[in-house]
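Enquirer: predicted model, plus sequence, below.
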Amino acid sequence: MNQLYLYEFKQKRLQDKKIKIGLLGTCLAHGGANKIQALYSIAFENAGYEVYHILVNPEIEFDYRGEIMHLSPFKKGMFNRLKRFLVLRKFIQTKQLDYLIDFRGRTKPVMEYLLNKFVFTCRYIPTVHSYELDFYFPKSKWISKLMYQKAFKIVSISKAIEEKIVKVFGFSNVITIYNPIDYIAIQQQAEKPISLDFPYILAAGRMDKDNIKQFDKLIETYAKSDLANSTYHLVFLGDGVLRPQFEQLVEQLQLKEKIHFYGFQSNPYPFMKKAHFLVLCSKNEGYPTVLTEALSCGTPVISFDCASGPNEIIRQNENGLLVENQNFEALNEAMLQFIQHPEIYEKYKKSVQIQNDLPSFERFIKNWKAILT
C-alpha cells in the first residue's frame, strides 16, 4: 500500500512539474527564424511551459514571452568562446532545462560538435528553417551524423525540407512542425489604421545582400507590365543593405510615385489586410510565414512554387496562385489576372475569408506535446 501511494505521489509530482524549454537563437529582431522563436515562446507559455530565451545579441523587436539570457557581453576569440560555453552550460544546468530548441544557423561543425558534446546537457532539438541545408548541415554525411548524434529530434518547418534531410543525410528522427501564427493577435492588430489611400500590391521581407526575396526583379517586372499604368501601386515592407539600391532602381525607372518603401514594420498586418494581394518571388524559402499571415488577414496571395513552403500553404485556385518557380513572366500574368478580372479575384478573396486550416497555436502545441513528454 505504501509503495503504491509513493508511486502515485511521484507520478503526480511529475505531472505537476512544469516542463522547462530553452530557445536558443541569434536575437528577437529582423525576420525569419528570429520571429518564429518569439512566436514559439508565446505559444509555449500559453500552453503552460516555462520558457527561457538564450540570445547571441540583445536586439529585440518582436513580442515574446519568457526570461532572457544574453550571451553578447563576451567578445570574440577562443578564450571568450570557451567562457560563453561555460556560461551557457551553467545556465542550462542551473535552470534545469528539459529541452533546448535551436533556431540558429549552424555552419561551424567543430563548434556545434563541441556544444552538443559538452554544453547541451538537456534534450537538444535543432530546427531547420530553409531548404538550403548548407545553413544547418555540413556537406559531409559523416560529419553531419557526428554533429547531430545527440539530437533528440530534428524539426523541419516543411515536409519538403524533412524529405530532403532524410534523403541527403539519412536521419530517422526528423519531423515537420509548421510555424505557428497567432491568428487572434493578427486579426486584432490588422484593424489598426494606416494612411495608404491607394490600391496596392504588397511584398514583404528582408533586403539582405543575398537578395533571396528578389525585390529588384519584382520592381522590373512591375515596371515592364501594364501594372505600372494601372491604378495599383507596389508597396514594400522591410529593410536591409539592398534597400538603397532598390530605391535607386525605382528612381531610374521613374516610378517613385507608384512604388513605395515603408521599411520594417513591427505591425505589418494593417498593410496586409488593406493590400489587394501579397506577392512572393523568392529564390528559395523554408515555410514563408508571410503567406500565412497575409491569408490570416483575409488577403489572397501569389507566389513562386519554390522547392519548399508555398505549395504546403497555398491551395491552388482557391486562396491564391502558385506560379512556375522563377518564371517572372508567369508571375506578371498572375498579378494581372487579379487586377484585370475582378470576378476571379473576388472568388479567391471569399475563399481566403472562410478558410480554417492555417497552422494555429492549438495545432502547433498539439504537435509539440507529442514530443515534449
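Expert: Done, it's in. Residues are numbered from 1 along each chain as shown.

Enquirer: so how far is residue 182 from residue 38?
Expert: Noted for residue 38: a distance of 10 Å to residue 182, by Cβ to Cβ, to the nearest Å. C-beta here means a position set from N, CA and C on the backbone, and glycine is covered the same way.

Enquirer: the two: which is more packed in?
Expert: Neighbours per residue (other Cβ atoms under 10 Å) separate residue 38 from residue 182, with residue 38 holding more: 25 against 19.

Enquirer: mind checking how far that one is from residue 215?
Expert: Separation of residue 38 from residue 215 (Cβ to Cβ) stands at 24 Å.

Enquirer: likewise residue 106?
Expert: For residue 106, the distance to residue 215 equals 28 Å [Cβ to Cβ].

Enquirer: now find how far off-centre stretch 125-140 is within its chain.
Expert: On the basis of Cα atoms, centre = their mean, to the nearest Å, stretch 125-140 is displaced by 14 Å from the centre of the chain it belongs to.

Enquirer: now do that stretch: everything it contacts.
Expert: With Cβ atoms under 8 Å, 6 or more residues apart in numbering as the test, stretch 125-140 has contacts from 32-33, 36, 99-103, 105-107, 109, 144, 147-148, 151-158, 160-161, 164-165, 168-169, 284-287, 306-309, 371.

Enquirer: what subset of those is buried?
Expert: Neighbour-count burial (16 or more other Cβ atoms under 10 Å) applied to those gives 32-33, 36, 99-103, 105-106, 109, 144, 147-148, 151-158, 160-161, 164-165, 169, 285-287, 306-309.

Enquirer: so which of the residues you listed belong to helices?
Expert: 33, 36, 109, 144, 147, 160-161, 164-165, 169 (DSSP state H).

Enquirer: single out whichever of the residues you listed has the smallest pLDDT.
Expert: Minimum pLDDT for these is recorded at residue 33 (90).

Enquirer: in the chain, which residue is most central in space?
Expert: Compute the mean C-alpha point of the chain, and by Cα atoms, centre = their mean the closest residue is residue 32, 4.0 Å away.

Enquirer: tell me the buried residues in the longest helix along the chain?
Expert: Secondary structure of the chain per DSSP H: the longest helix is helix 78-94. Within helix 78-94, the residues that count as buried by 16+ other Cβ under 10 Å are 84-85, 87-88, 91-92.

Enquirer: which parts of the protein are strands?
Expert: Using DSSP state E, the strands found in the chain span residues 20-25, 50-55, 67-70, 99-102, 123-128, 154-156, 174-176, 200-204, 233-237, 259-261, 277-280, 301-304, 320-323.

Enquirer: got the angle for the fifth one vs strand 20-25?
Expert: To tie it back to what came earlier, the one meant is strand 123-128. For strand 123-128 against strand 20-25, the angle by axes from the mean of the first three to the mean of the last three Cα atoms, to 10 degrees is 40 degrees.

Enquirer: ok and strand 123-128 relative to helix 78-94, angle-wise?
Expert: Angle of strand 123-128 versus helix 78-94, following the same axes, to 10 degrees, is 120 degrees.

Enquirer: I'd like the mean pLDDT over strand 123-128, please.
Expert: Strand 123-128 carries an average pLDDT of 98.

Enquirer: what separates it from the chain centre, distance-wise?
Expert: Using Cα atoms, centre = their mean, the mean C-alpha position of strand 123-128 is found 15 Å from that of the whole chain.

Enquirer: the last one too?
Expert: Distance of strand 320-323 from the chain centroid (Cα atoms, centre = their mean) equals 20 Å.

Enquirer: and that strand, what does it pack against?
Expert: Under the contact definition 3 or more Cβ pairs under 8 Å, 6 or more residues apart in numbering; DSSP states H and E, strand 320-323 sits against strand 301-304, helix 328-340, helix 342-354.

Enquirer: of those, which is nearest residue 228?
Expert: If you check each of the helices and strands packed on strand 320-323 against residue 228 by Cβ to Cβ, helix 328-340 wins as the nearest, at 10.7 Å.

Enquirer: pop the domain breakdown of this structure in here.
Expert: As given by automatic domain parsing, the domain ranges for the chain are 2-180+361-369, 183-354.

Enquirer: rank the ones you listed by mean pLDDT and give me the bottom one.
Expert: Per-stretch mean pLDDT for the domains of the chain is lowest at domain 2-180+361-369 (a mean of 89).

Enquirer: give me the distance from it to the chain's centre.
Expert: The answer for domain 2-180+361-369 is 15 Å, by Cα atoms, centre = their mean.

Enquirer: out of the buried residues of helix 78-94, flag the one nearest to residue 251.
Expert: Using Cβ to Cβ, these come closest to residue 251 at residue 84, 44.7 Å.
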